[in-house]
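Novice: quick one, what's the 3D model for this:
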Amino acid sequence: MTLIQIEATIIVVVMLGVFVWDRWRYDMVALGALLAALATGVVKPDKAFEGFASPVVVIIASVLIVSRAIARSRILDEAARALLRRAPTTGMRVGVLAACVAFLSAVIKNVGTLGMFLPIAIQTARRNGQSPSLYLMPLSFASLIGGTMTLVGTSPNLLISTVRRETVGQAFGMFDFLWVGLPLTILAILFLSVGWRLLPGDRQGKPTDEEKFDVGRYMTELRIPKDNTLVGKTVGHVEDVGEGDLIITEVLRGVGRHPIPSRNWPLAAGDTLVVQASPDVVKALVAREKLELAGKREIEEADDEAKDMTTVEAIVSASSPMIGLTSESLLLRQRFRVNLLAVTRASGAARGRLRQHRFAVGDVVVLQGFEGALPATLAELGCLPLADRNLELDRAEKGYLSLAILGVAIALMLTHVARVEVAFFGAAVAIILTNQITLKNAYAALEGPVLVMLACLLPVGEALKDVGVTQLVATQLTAVAHHLAPLLALGFVLMISMLVTPVMHHAPAVIIMGPIAAQLAKSLGYNPEPFLMAVALGAACDFLSPIGHQNNLLVKEPGGYTFADYSRLGLPLSLLVLFVGTPLIAWAWPIR
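Specialist: A predicted model of the protein is given here:
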């Protein structure tokens, strides 16, 4: 080995060791590896930052924004809940959730899909008196296998497409992965529908970030507009829509007040419903039934700057001038230019009219106001802001337009009118410009650490090929694979990829293994495509640990899983992928 090859090998080995150590952030490790490669000359200065301009980074960033907009629309959420209501057994519920997550992961980034269905799965488990551990790991595994169906479903597919373009001059297409990914996804869903029995059913997971800041049920007021679908329906119907998580404590009609209405009380246009519910339930009801927040309507009629408005949760401190007063007596809107949308007491949900509620120390309020002025207003009111949960109770997302924009992007790719990165970049910009997602939430959707890690590792991986390290490793593997039948050699590459991914992030696994697999295929006289597919599939299907993919890590604490739990369900699923995926790849992409 030459000196530069030794230096490149040391950098990669140390980087992988730090990944396995798991004490430092992935992006910091990647930044250090790139800096070391620059300092030793392994990576040339003119190529060091090409990763930041890589189409892979642009595609992933764009897909994250598109996914966040669709996830916030609640259209898919409502469809999944409707299916779950028709699933009487645990196996059917796991199968429904796994199928929804898997097939959506083909067009929405799999981590975004999992994030959308995580609270649904937790609520489903609790509603049926079960531990979330029976649902969450199957969901994570379904999102991983579902992402293998398309180019944009998972990062390994995007990265291996780049390797193919550098190897044979042509990248993989949007649905080139479907012939392998679709059969495996269907088999995986069927397996998870029965395999959930391998998981422990008595685990009590840690609360999610949303649950950590849960302040219980709020009291808020919702107005029924004219010609609304709820006109003529009953109080019981609205409470049923909330699936038991919403209570109507009072109906206001004209100047009349009707406390504790019966479930058969008919609703009319103009009625104001005083409800007790969590923010998520209120938001879903407002979006689904096109209701109006009582406070929001007043401020929008008086001000034309509603587009600059935001919603914040805050707690009333002991020094607040609000204590003992109501929103009416405080003249919140006139003096402070904020609206009170909801309130809850530390001892439980507040009761009575929202505008007549007398504030006390520890009350949690939801205030709506102008984004730039809210911090100063909260300080003046003696309120301390809570963790930002992006409540936006008043925002009824227009999910159909987001789906339509995604459909146009996919059509442009399939007809070769636009490249993948151009189509998804255009979709992300269109979604922002049409206000399907706020600019704040668009930036929040970007996974900065993941994007930085990829941008840093891409030039390092390219340098391994340039200095000849990839050739050396491929030569050693060729000596082993030379004695194997073509199908076994393909399975060997798939197995190696599946084994190295659990001890490192899936991105470096593809960046390192991809060029090695291509060189191995060339040395054996085989086509590179099936071997590249094997690397992508192996890196995407990390079912053995919480380390290789963030989706597995995302469900670890809410599900109460230990490291060993992953192999209980993941090992048989990995064997399924290995023994079924290998011949599928060979069928879709001939080895010779």
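Novice: could you list the domains of this structure?
Specialist: 63-207+400-448, 214-385 (automatic domain parsing).
Novice: ok, the residue lying closest to Ala8 once chain neighbours are set aside to Phe359 distance?
Specialist: Distances taken as CB to CB, 6 or more residues apart in numbering put Val42 closest to Ala8, at 4.6 Å, once the chain neighbours are dropped. For glycine as for every other residue, the C-beta is placed from the backbone atoms N, C-alpha and C. According to CB to CB, to the nearest Å, Val42 stands 63 Å off from Phe359.
Novice: do the same with Ile247
Specialist: 22 Å.
Novice: look at these two and report which has more neighbours.
Specialist: Shown here are Ile247 and Phe359; by other CB atoms under 10 Å, Phe359 has more neighbours (24 against 17).
Novice: tell me where the model's unsure across the chain.
Specialist: Applying pLDDT under 70 to the chain picks out residues 20, 22, 71-78, 205-217, 242-245, 295-309, 346-352, 387-399, 503-505, 547-548.
Novice: ok, the most centrally placed residue in it - contacts?
Specialist: Centroid-nearest residue in the chain: Gly112, 2.0 Å away (criterion: CA atoms, centre = their mean). By CB atoms under 8 Å, 6 or more residues apart in numbering, the contact list for Gly112 reads 64, 67-68, 70-71, 445.
Novice: next secondary structure element downstream of the helix or strand it falls within?
Specialist: Using DSSP states H and E, Gly112 falls within helix 110-127. Per DSSP H and E, the first helix or strand lying C-terminal to helix 110-127 is helix 133-146.
Novice: before we move on, the earlier item: need the domains of the chain in a markdown table (columns: distance to Leu569).
Specialist: Output for the domains of the chain, formatted as a markdown table (distance: least, CB to CB, whole Å):
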| stretch | distance to Leu569 |
| --- | --- |
| domain 63-207+400-448 | 5 |
| domain 214-385 | 28 |
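Novice: looking at those domains, which is buried most?
Specialist: domain 63-207+400-448 (a mean of 20; mean count of other CB atoms under 10 Å).
Novice: SS state for Gly372?
Specialist: Three-state call for Gly372 (DSSP: H, G, I helix; E, B strand; the rest coil): coil.
Novice: repeat that for Asp227.
Specialist: coil.
Novice: residues in contact with it?
Specialist: Ala269 are the contacts of Asp227 under CB under 8 Å, 6+ apart.
Novice: please enumerate the strands of the stretch 201-350 of the chain.
Specialist: 218-223, 246-253, 256-259, 272-277, 292-293, 309-316, 338-345, 348-349 (DSSP state E, counting those that start in this stretch).
Novice: give the pairing partners of the fourth one; include direction for each.
Specialist: Spelled out, it's strand 272-277. According to DSSP bridges, strand 272-277 has the following sheet partners: strand 218-223 (antiparallel), strand 246-253 (antiparallel).
Novice: including distance to Met137, could the ones you listed go into a markdown table?
Specialist: Listed next are those as a markdown table, based on distance: least, CB to CB, whole Å:
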| stretch | distance to Met137 |
| --- | --- |
| strand 218-223 | 32 |
| strand 246-253 | 30 |
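Novice: wait, isn't Glu221 in contact with Val286?
Specialist: No - contact between Glu221 and Val286 fails when scored by CB atoms under 8 Å: they sit 11.4 Å apart.
Novice: between these two, which contacts overlap?
Specialist: Leu293.
Novice: related to what we said a few turns ago, in TSV: the contacts of Gly112, plus secondary structure and distance to Lys522.
Specialist: Below are the contacts of Gly112 laid out as TSV (DSSP: H, G, I helix; E, B strand; the rest coil; distance: CB to CB, whole Å):
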residue	secondary structure	distance to Lys522
Leu64	helix	34
Ser67	helix	36
Arg68	helix	40
Ile70	helix	40
Ala71	helix	42
Ala445	helix	39
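Novice: contacting residues for Leu325?
Specialist: 358-359.
Novice: state the distance from the residue lying closest to His258 once chain neighbours are set aside to Arg353.
Specialist: Excluding the flanking residues, the one nearest His258 by CB to CB, 6+ apart is Val251, at 4.5 Å. Applying CB to CB, the value for Val251 to Arg353 is 12 Å.
Novice: just Trp589 next, same as before
Specialist: 67 Å.
Novice: can you check Glu371 too?
Specialist: 28 Å.
Novice: got it, and Arg263?
Specialist: 22 Å.
Novice: Ala61 and Gly448 touch, don't they?
Specialist: No - counting by CB under 8 Å, Ala61 does not reach Gly448; the two are 9.6 Å apart.
Novice: quick one on the thing from earlier: nearest to Thr501, of the domains of the chain?
Specialist: When the domains of the chain are compared by CB to CB, domain 63-207+400-448 sits nearest Thr501, at 8.6 Å.
Novice: figure out how far that closest one is from the centre of its chain.
Specialist: Here the centre of domain 63-207+400-448 is set off from its chain's centre by 8 Å, with CA atoms, centre = their mean, to the nearest Å.
Novice: can you tell me the distance between the two ends of that domain?
Specialist: 13 Å (CA to CA, to the nearest Å).
Novice: need the contact list for Phe11.
Specialist: For the record, residue 11 is Ile, not Phe. Neighbours of Ile11 in contact, by CB under 8 Å, 6+ apart: 33, 36-37, 40, 42, 460.
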